[in-house]
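S.K.: Here is the input, now give the coordinates:
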Amino acid sequence: MPFSVYLNNKLIDVSTGKASYTPPTVYVGLSSTTPAVAGTGVTEPSTGSYARVATSAATWNSAASSTTSNASAITFPTATADWASGSNMTHFVFYDASTAGNFLGFGALTTAKAILNGDTASFAAAALTITLS
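M.R.: Now for the predicted structure:
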């Protein structure tokens, strides 16, 4: 999963003692387009009860070998309308706020999927993996 330029800069500053960093609440979202590390190119749904999902430390496994994954399911609200008419969700995205906020990173979904009225999108435990290399 590529981290954003924003998060890379924070990690470098913390690692070199230039700054401290308080871990944010991480919100998981979906995008129907391919994000860029600058935080551009994200197209989140804007209708149908879509909302990013807040996670906590308990949502994630402890890192081992530079990798972690979600320890529990991450479930979005049930769609009350099609989330992206004619488009599939293709990527997951991470932000530090429920709306707007700083873009933290992204990854491609294994299978692109349309989220239609009545669907409940979710990631099973261990479905999202974050790796530093």
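
S.K.: Can you name the element that comes right after the lengthiest strand in the chain?
M.R.: Ranked by residue count and defined by DSSP state E, the top strand of the chain is strand 103-113. The C-terminal neighbour of strand 103-113 among helices and strands, as given by DSSP states H and E, is strand 122-123.

S.K.: buried ones in stretch 1-13?
M.R.: For stretch 1-13, burial by neighbour count (16 or more other CB atoms under 10 Å) applies to 1, 3, 4, 6, 7, 10. For glycine as for every other residue, the C-beta is placed from the backbone atoms N, C-alpha and C.

S.K.: Quick one: the helices in the chain, in order.
M.R.: Ranges of helices in the chain, per DSSP state H, are 5-15.

S.K.: before we move on, back to that, looking at the buried residues of stretch 1-13, which is nearest residue 132?
M.R.: Using CB to CB, residue 3 comes nearest to residue 132 of the buried residues of stretch 1-13, at 8.0 Å.
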